[in-house]
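Chemist: heads up, no residue letters with this:
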Ligand code: SF4
């Protein structure tokens, strides 16, 4: 894949504004407390899907990474997880009967740090999930790993339980960068762990990298990218560090003068994309890279890529059930979220056996716009006739107020709009969030864009 096609520095800078990542449409800002448990039950009954993706949130971390914007609880006490798992078991037991006629095709554990759990806690949680839900024989089971404070045999243990995908937080291998973000970890261990996991049988391993961190330079990040290449993983997620200290207190530890300038950050991103493409990875969506034979890459080529709260996925026909504090569900035409506060989660499970606090039922307009935005985010392409037929509308008439907003992108050669289609040029891939915003009805209702991160 030629990386040069993704860049037009002038245009990238021109459109580098704040925007949603569109893991859902409407975004989580539209969730409200009037969405009740009964609304969720109605959404399950009405959903055309009978395949399920499960997301389990484990909120604990051993120590605080200063760049972090996740929902987590930092503690050295592993026993805290015992209490959490008790409440999680209650939530699982109360939710599972609602999904009796579903088959679980995908299970993902995120956090926080799922690898915070001891081996026996991991076994117990897997057993509970398998006892309560019906799992497909070929289920995809993935887990996020913090490579600090784990033993090599974690890979053996996870594999024996059915996990077949690992996602490992590498971020940056430079010592000065690691110290500044309070995430010092051994690259040597990570390399050995990945090699061992492959030997054990894991066929799909992802690593996360972040650009825009303190003290990162072209030289240091080149070393990180070269090392990522040596690790020879199937997927690489490349995230932009979003510095919003007003919202995330830990980020106040990162001094402004340590951070790369906007130009330097842009160069780091460019470097990463160029190198990853040169290493042979396909650029997926706006921030993922996958080997050409990986299913994400195959799905992108065939136009079957989907997007949910965990990012890009091939499991578009699944409803998503989130379990645990702060987790989000996408069931039929609804989104819903559990409370983000751990004590509230415990209290809610104790009193009402579920911890859902907000959500939204999608209107027909949300569904139509959501489909257009998802097509753009995943496949950089909208077949107007397909949308018109599917929703019994005339695309151009329906979006008569939105389509003129695309004119600026047309003028800059970023998209092509014809009678039948909207086609996004490769050089607009990094700006896809901006293009999607043209179809976002809530944006037009004076949504505060500053609550979203910058697109680059
Ligand atoms: S980056 Fe991961 S390990 Fe670090 S504090 Fe955030 S959730 Fe925890």
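Modeler: Perfect, thanks for sending it. Quantities reported herein were computed from a predicted structural model and do not represent experimental measurements.
Chemist: report the buried residues of the lengthiest strand in the chain.
Modeler: Assignment by DSSP state E gives strand 135-145 as the longest strand of the chain. Going by neighbour count (16 or more other C-beta atoms under 10 Å), the buried part of strand 135-145 is 135, 139, 140, 141, 142, 143, 144, 145. No exception for glycine: its C-beta is placed from N, CA and C like everyone else's.
Chemist: and which of the residues you listed is nearest the ligand?
Modeler: residue 144 (7.8 Å; C-beta to the nearest ligand atom).
Chemist: who does that closest one form a beta bridge with?
Modeler: residue 167 (DSSP bridges).
Chemist: all helices of the stretch 201-350 of the chain, in order?
Modeler: For the stretch 201-350 of the chain, the helices defined by DSSP state H, counting those that start in this stretch occupy 218-231, 262-278, 295-302, 342-352.
Chemist: in TSV, list these along with mean neighbour count.
Modeler: Output for the helices of the stretch 201-350 of the chain, formatted as TSV (neighbours: other C-beta atoms under 10 Å):
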stretch	mean neighbour count
helix 218-231	17
helix 262-278	18
helix 295-302	18
helix 342-352	16
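Chemist: dump the ones you listed to a markdown table, plus distance to residue 359.
Modeler: Formatted as a markdown table, those follow (distance: least, C-beta to C-beta, whole Å):
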| stretch | distance to residue 359 |
| --- | --- |
| helix 218-231 | 38 |
| helix 262-278 | 34 |
| helix 295-302 | 28 |
| helix 342-352 | 14 |
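Chemist: nearest to residue 52, out of those helices?
Modeler: The closest of these to residue 52 is helix 295-302. By C-beta to C-beta, the value is 18.5 Å.
Chemist: other residues contacting the closest one?
Modeler: By C-beta atoms under 8 Å, 6 or more residues apart in numbering, the list of residues contacting helix 295-302 from outside reads 235, 282, 284-285, 288, 290-291, 305-306, 312, 314, 378-379.
Chemist: next, the angle strand 135-145 makes with it.
Modeler: Compare the direction of helix 295-302 with that of strand 135-145 by axes from the mean of the first three to the mean of the last three C-alpha atoms, to 10 degrees and you get 110 degrees.
Chemist: check contacts around residue 69.
Modeler: Applying C-beta under 8 Å, 6+ apart, the residues near residue 69 are 242, 244, 247, 248, 251.
Chemist: and it, backbone torsions?
Modeler: Here is the backbone geometry of residue 69 (degrees, to the nearest 10): phi -120, psi 20.
Chemist: now it: how far from residue 248?
Modeler: According to C-beta to C-beta, to the nearest Å, residue 69 and residue 248 sit 5 Å apart.
Chemist: then residue 71?
Modeler: Applying C-beta to C-beta to residue 71 and residue 248 gives a distance of 11 Å.
Chemist: same deal with residue 201?
Modeler: 37 Å.
Chemist: ok, of the contacts of residue 69, which one's closest to the ligand?
Modeler: Checking the contacts of residue 69 one by one against the ligand (C-beta to the nearest ligand atom), the nearest turns out to be residue 248, at 9.9 Å.
Chemist: what about that closest one, how many residues close to it?
Modeler: Residues lying near residue 248 (other C-beta atoms under 10 Å) number 16.
Chemist: so it sits against residue 68, correct?
Modeler: Yes. If you go by C-beta atoms under 8 Å, residue 248 and residue 68 touch, sitting 7.1 Å apart.
Chemist: where along the stretch 51-200 of the chain do the helices fall?
Modeler: 80-95, 119-132, 154-160, 175-180, 187-200.
Chemist: and the last one, what does it pack against?
Modeler: Put plainly, it is helix 187-200. Judged by 3 or more C-beta pairs under 8 Å, 6 or more residues apart in numbering; DSSP states H and E, helix 187-200 is in contact with helix 154-160, strand 165-171, strand 204-211, helix 218-231.
Chemist: now swap in the third one and tell me
Modeler: Here helix 154-160 touches helix 119-132, helix 187-200, going by 3+ C-beta pairs under 8 Å, 6+ apart.
Chemist: so residue 359 sits against residue 38, correct?
Modeler: No. The pair residue 359 / residue 38 is not scored as a contact, 11.2 Å apart, by C-beta under 8 Å.
Chemist: domain ranges for this structure?
Modeler: The chain breaks down into these structural domains: 1-25+363-448, 27-320 (assignment by automatic domain parsing).
Chemist: quick one: closest of those to residue 352.
Modeler: domain 27-320 (7.6 Å).
Chemist: mind checking if that closest one is in reach of the ligand?
Modeler: Yes. Domain 27-320 comes into contact with the ligand (C-beta under 6 Å from any ligand atom), by way of 61, 64, 65, 68, 70, 72, 111, 112, 113, 146, 169.
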